[in-house]
Each structure stands twice: as C-alpha cells, then as structure tokens.
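K.L.:
Fold the following, please.
(chains A, B, C and D)
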Protein chains: 2
Amino acid sequence: MPRKPVARDAVLDAFEALLIEVGERAATLDAVAKRAGVSKGGLLYHFPNKEAMISSLLERMDRLAALDIEAMKAAPEGAAAFFIKSSLWEDTPLDRVFVAATRLAEVAHEETRRRFAGIQEQWLDVLAEEVGPEMAKAVRYMGDGLYFNAMLEGGVGDTEAKTSARSADVGALLAAVERLRD
Amino acid sequence: MPRKPVARDAVLDAFEALLIEVGERAATLDAVAKRAGVSKGGLLYHFPNKEAMISSLLERMDRLAALDIEAMKAAPEGAAAFFIKSSLWEDTPLDRVFVAATRLAEVAHEETRRRFAGIQEQWLDVLAEEVGPEMAKAVRYMGDGLYFNAMLEGGVGDTEAKTSARSADVGALLAAVERLRD
DNA sequence: GTAACTATACCGTCTGGACGGTATAGTTTC
DNA sequence: GAAACTATACCGTCCAGACGGTATAGTTAC
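P.N.:
Predicted structure coming up:
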C-alpha cells in the first residue's frame, strides 16, 4: 500500500488557518504550502487547482455542520440554548471551517454562499421546532451576530481573552432566549 | 475657477459598489476606474494609492455612522427598534458603506476593524441607555446578524425581493425586542 | 526472492498574466 | 493659466498553475 496522504489534511488545515487569520487575499497557494510544510508542487498534486481546495473545505464544512445539527436536535438544554452557546467562537473544528468559509463568501464566491444558505436553513428549521418560526429568527440572528463578530476579530490577538470576553455576552443572550421562550 | 472634482465621488461610489458586489479581491484600481467612468490616471490623481481610497471610504463611514447614531438617539420608537429597522439592508448610503467596509475587514484590514469596533461601541452605549447593558447586547447581536446576512448576500440578484423577504424577519425581531423590553 | 514495473506522493522551477503604482504628454473646463 | 482630468506606456512584484523530475511503497513475473 502506498503512503498515507498526510499532506492533504495538512494543506486543508493550513488553508483554513490562513483564511481565518489573514483573509482570502493572503491565502495564496504559496502561503498555504509553506504553512502546511509542503512544497507547492505537492499541494497541487492533491488539489489540481485552488477551486478544488475550496471544494474540499466546503465538504468539510457540510460534514461538520451535519454533525452539529444532530447534536443540536439532541441537546438536553434545548436547541436554542445549544445554538447560542455553539455560536460563540471556541476554536472548534466547526467554528474554524465556518469562519474560513465566511472569508470566501465575502469575496463573492457563489458556491460558498449557497452552502451557507443551506446550513442556515437547517439551523432555522430545528430552532423553529422548539421556539416557533418567529422567535427562531430572533435566535438565529443573535447567533449570526456572534459569528459576525468572530469574523471581524479574525485570528488576531489573544484568542483566550476574546473568548472569555464574549462568553459574558453569551450569558446575556441565553437570558434573552429564556425570555423569548415564554 | 477649476472644475469641481466630480470624479472623486464617482470613484468612491464605484469602489464601494465593487466591494459590495464582487468583493475586495476584484475591486482593483483598473476595475474601479472603469466603473467610475474615469481613467486610471484620473483615479490616481485623486487618490495617490489604494490605501488613500480606503481611508476616504472609512471617513465616509464614520460621517454617516455619526448621523445614524444621532438619529437613533432621537428616534420616537426608541433606539432599539430604530436600530433593528436600520440594520435591515435597504441600500441606504450607510448600509452600502458598511457592507463595503466589511469586505475590507474580512481581508484583515486592521484600521477598518478598529473603526468598526468604535462604531459598534457607540451603538451599544445608546442601546444600553434604553434597555440596559444586558439586553442591549442581545439587540446588537440581532442587528449584527442582519448585517451578516446582508453581507453574505452581497449585491447579487434582486435587491428588492431580498429586502422584502428580510423585512418579514424584521417584524419577528421587533416583536422579540418588545418582549425583551419588559 | 529478486528484478522489473507501476502508482502514489511528493519537490523545485518556470511562465504568463494581473495588479499596484509611476510617469508623461496632451485636453478640457472654468 | 491652472485645476481637473484623459490616454497610454511602462515597471516590479506577486500569484495561479504547468511541468518535469524524484523517492518510495506495493505488485507482478519468473
């Protein structure tokens, strides 16, 4: 059996990290290859072009989002509370791939935008089952707001400090969700 | 008397439009000049480099945001309701410059991120005066969520249709705000 | 069991095009 | 006459992608 393609995952991780930290513009093939500890030729062996790399990242996002939605449905504290908590930036694989993909959507990457819309719709459906369609929107927009801020902050600075700063906000949001639930 | 510098505003408008519609990557100097109906030399006559163009856009944002905050304070329906309503994409000058600037923040433009943080802080202060610091956060995140979605949609497709689709959501959010106010 | 072969997993270099910016000479408008 | 342009040519750099080469692991043939 041939060697395991260890570089493939390393490349995707590096691409993701660069998108988060320095944005789409600076996530060049050279930069990705360098960060992954791989030659540019090696990178292009696994992903024939940049678009293929993006595709793989979107597949990763769909896979992780599907898991998240399952967890959300099964959450003992309720889908809404679970959703708000998980919208906080905690550097989980889903957080990372989500913010990374946001960078692509920002530069008008249509396919990425479509995938986003699909996932958001699923979230909304699950939330609506719990709190009704109207309040589901309020909850979803709060979560989107959390992501928006995570995105604006990017990977810059002390992640720990920012997480704890924002987790105070999550308390406020959970309280708001409780009020909306009645 | 020399002519009025009509091209200056045209360039800034074109830059803004391209950021919204096709993202930062595609908002090149050539593209901006072409869209503005101006020669590249003419563009660079007014803005010696791209950074100067960005600076002017951020100044425009600060100016419009300051007006918005004044309007918010004076709003008869209350700051929170005003804020939610104005977070909806309605193609106003502030909406446009805000989403355009988001594109720059996304590619890790530090100065843009700082300006955003400043404006958000002002919004939060005004909201807190009305609904208290905790619920102010909930309201602000809802507004951020609305912007997040406007940003993801970009300038693509039928703006009218999307606005009306989302204005239904605004109803839900205003209802949520009313509940939180008690 | 080993030689010949094949497929996979890379590496390093090169090229063509785009992009930001410079320079310069001329034209219109007030 | 001077500000506000147009038009065009050019430069250095960066980037996506192409290409040729290499190393190594498994496979077949005898």
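K.L.:
tell me which element the closest residue to A:Ala65 other than its chain neighbours is part of?
P.N.:
The spatially closest residue to A:Ala65, leaving aside those adjacent along the chain, is A:Ile119, at 4.7 Å (C-beta to C-beta, 6 or more residues apart in numbering or on different chains). Every residue, glycine included, has its C-beta placed from N, CA and C. Using DSSP states H and E, A:Ile119 maps to helix A:110-153.
K.L.:
Is chain B within reach of the helix or strand just after that helix?
P.N.:
Going down the chain from helix A:110-153, the next helix or strand is helix A:159-181, by DSSP H and E. Yes. For helix A:159-181, a contact with chain B is found by C-beta under 8 Å from any C-beta of the partner chain, at A:Asp169, A:Ala172, A:Leu173, A:Ala175, A:Ala176, A:Arg179, A:Leu180.
K.L.:
For helix A:159-181, buried residues please.
P.N.:
Neighbour counts over helix A:159-181 (16 or more other C-beta atoms under 10 Å in any protein chain shown) mark A:Arg166, A:Asp169, A:Val170, A:Ala172, A:Leu173, A:Leu174, A:Ala176, A:Val177, A:Leu180 as buried.
K.L.:
swap in stretch A:89-100?
P.N.:
Quick answer for stretch A:89-100 (16+ other C-beta under 10 Å): A:Trp89, A:Leu94, A:Asp95, A:Arg96, A:Val97, A:Phe98, A:Val99, A:Ala100.
K.L.:
ok, now which ones touch the third one?
P.N.:
In this structure, A:Asp95 makes contact with A:Trp89, A:Ala150, judged by C-beta atoms under 8 Å, 6 or more residues apart in numbering or on different chains.
K.L.:
Secondary structure element holding it?
P.N.:
Using DSSP H and E, A:Asp95 falls within helix A:93-106.
K.L.:
CA atoms only: put that helix into PDB for me.
P.N.:
This file holds the C-alpha atoms of helix A:93-106, laid out as PDB (Å, rounded to 0.1, in the frame of the first residue of the first chain):
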ATOM      1  CA  PRO A  93     -13.400  22.500  14.000                       C
ATOM      2  CA  LEU A  94     -16.800  23.700  13.000                       C
ATOM      3  CA  ASP A  95     -16.000  27.300  14.200                       C
ATOM      4  CA  ARG A  96     -12.900  27.300  12.200                       C
ATOM      5  CA  VAL A  97     -14.200  26.000   9.000                       C
ATOM      6  CA  PHE A  98     -17.200  28.300   9.300                       C
ATOM      7  CA  VAL A  99     -15.200  31.500   9.700                       C
ATOM      8  CA  ALA A 100     -12.800  30.300   7.000                       C
ATOM      9  CA  ALA A 101     -15.700  29.800   4.600                       C
ATOM     10  CA  THR A 102     -17.100  33.200   5.500                       C
ATOM     11  CA  ARG A 103     -13.900  34.700   4.100                       C
ATOM     12  CA  LEU A 104     -14.700  33.000   0.800                       C
ATOM     13  CA  ALA A 105     -18.300  34.100   0.800                       C
ATOM     14  CA  GLU A 106     -17.100  37.600   1.400                       C
END
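K.L.:
Helix A:110-153 and that helix, what's the angle between them?
P.N.:
Angle of helix A:93-106 versus helix A:110-153, following axes from the mean of the first three to the mean of the last three C-alpha atoms, to 10 degrees, is 110 degrees.
K.L.:
Off-centre distance for helix A:93-106?
P.N.:
Here helix A:93-106 is found 4 Å from its chain centre; the criterion is C-alpha atoms, centre = their mean, to the nearest Å.
K.L.:
Can you confirm whether that helix lies near DNA strand D?
P.N.:
No. On the criterion C-beta under 7 Å from any atom of the strand, helix A:93-106 is out of touch with DNA strand D, staying 12.2 Å away.
K.L.:
and that helix, average pLDDT?
P.N.:
On average, the pLDDT along helix A:93-106 is 91.
K.L.:
same check, this time on stretch A:19-35
P.N.:
For stretch A:19-35, mean pLDDT is 91.
K.L.:
Repeat that for stretch A:165-175.
P.N.:
Average pLDDT, stretch A:165-175: 85.
K.L.:
Let's see it as CSV, backbone CA atoms only.
P.N.:
Once non-C-alpha atoms are left out, stretch A:165-175 reads as follows in CSV (Å, rounded to 0.1, in the frame of the first residue of the first chain):
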residue,chain,number,x,y,z
ALA,A,165,-14.8,38.5,26.9
ARG,A,166,-17.5,37.2,24.6
SER,A,167,-18.7,34.4,26.8
ALA,A,168,-20.0,37.1,29.1
ASP,A,169,-22.2,38.2,26.2
VAL,A,170,-23.4,34.7,25.8
GLY,A,171,-24.9,34.8,29.3
ALA,A,172,-26.9,37.9,28.2
LEU,A,173,-28.0,36.1,25.1
LEU,A,174,-29.1,33.0,26.9
ALA,A,175,-31.1,35.1,29.3
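K.L.:
Since that was my last question, I'll sign off now.
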